[in-house]
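Enquirer: have a look at this fold, sequence not included:
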């Protein structure tokens, strides 16, 4: 049994049947001491040696990853109207809740036979909670998942 690292993908697998991993694609029993604790995106494979990028190179990898994630998000927003459509649907739902409450208040006032009756009717109308950005994000993610 051997440990192996793929020369291209840098996948590390422990305790494998060595004949199943051709040396053209895999390093057999590489010394992993230099890369222990580091993500394989920071590994450099040269021949049969697995080494670690210096900090500057790791910073470049991280910056490129961050840039790619930002580009992906921007492209999703640019190429898809789904986010905006779902956002506006949520806004309409919230506006309708407020309108329903306003209409309930107006109906209570219209149908009240006395001040005491009006107060009783008003006490039956429930308050709507204020919404937070976190709730909006959760609702938007949920709408986009469906």
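Expert: Here it is on my side, so go on. Predicted model only: the values in this text are computed from it and were never measured.

Enquirer: skip ahead from the lengthiest helix in the chain and say which helix or strand is next.
Expert: When the chain is parsed with DSSP state H, its longest helix is helix 82-111. Where DSSP states H and E defines the elements, the next helix or strand beyond helix 82-111 is helix 115-123.

Enquirer: and that next one, what other elements does it pack with?
Expert: Using 3 or more Cβ pairs under 8 Å, 6 or more residues apart in numbering; DSSP states H and E, the elements in contact with helix 115-123 are helix 82-111. All C-beta atoms are positioned from the backbone trio N, CA, C, and that covers glycine.

Enquirer: now the helix it packs on, how far from the chain's geometric center?
Expert: From the chain centre to the centre of helix 82-111 is a distance of 29 Å (Cα atoms, centre = their mean, to the nearest Å).

Enquirer: quick check: angle from it to helix 115-123?
Expert: Helix 82-111 runs at 160 degrees relative to helix 115-123, counting by axes from the mean of the first three to the mean of the last three Cα atoms, to 10 degrees.

Enquirer: please begin residue numbering at 126 from this point
Expert: All right, first residue 126 from here; so that's helix 207-236.

Enquirer: show me what helix 207-236 is packed against.
Expert: If contacts are counted by 3+ Cβ pairs under 8 Å, 6+ apart, helix 207-236 sits against helix 240-248, helix 258-270.

Enquirer: what about the longest one, average pLDDT?
Expert: When pLDDT is averaged over helix 258-270, the result is 85.

Enquirer: follow-up on the earlier one: mean neighbour count and distance to residue 176 added to the helices and strands packed on helix 207-236, as CSV?
Expert: Formatted as CSV, the helices and strands packed on helix 207-236 follow (neighbours: other Cβ atoms under 10 Å; distance: least, Cβ to Cβ, whole Å):
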stretch, mean neighbour count, distance to residue 176
helix 240-248, 12, 73
helix 258-270, 12, 40
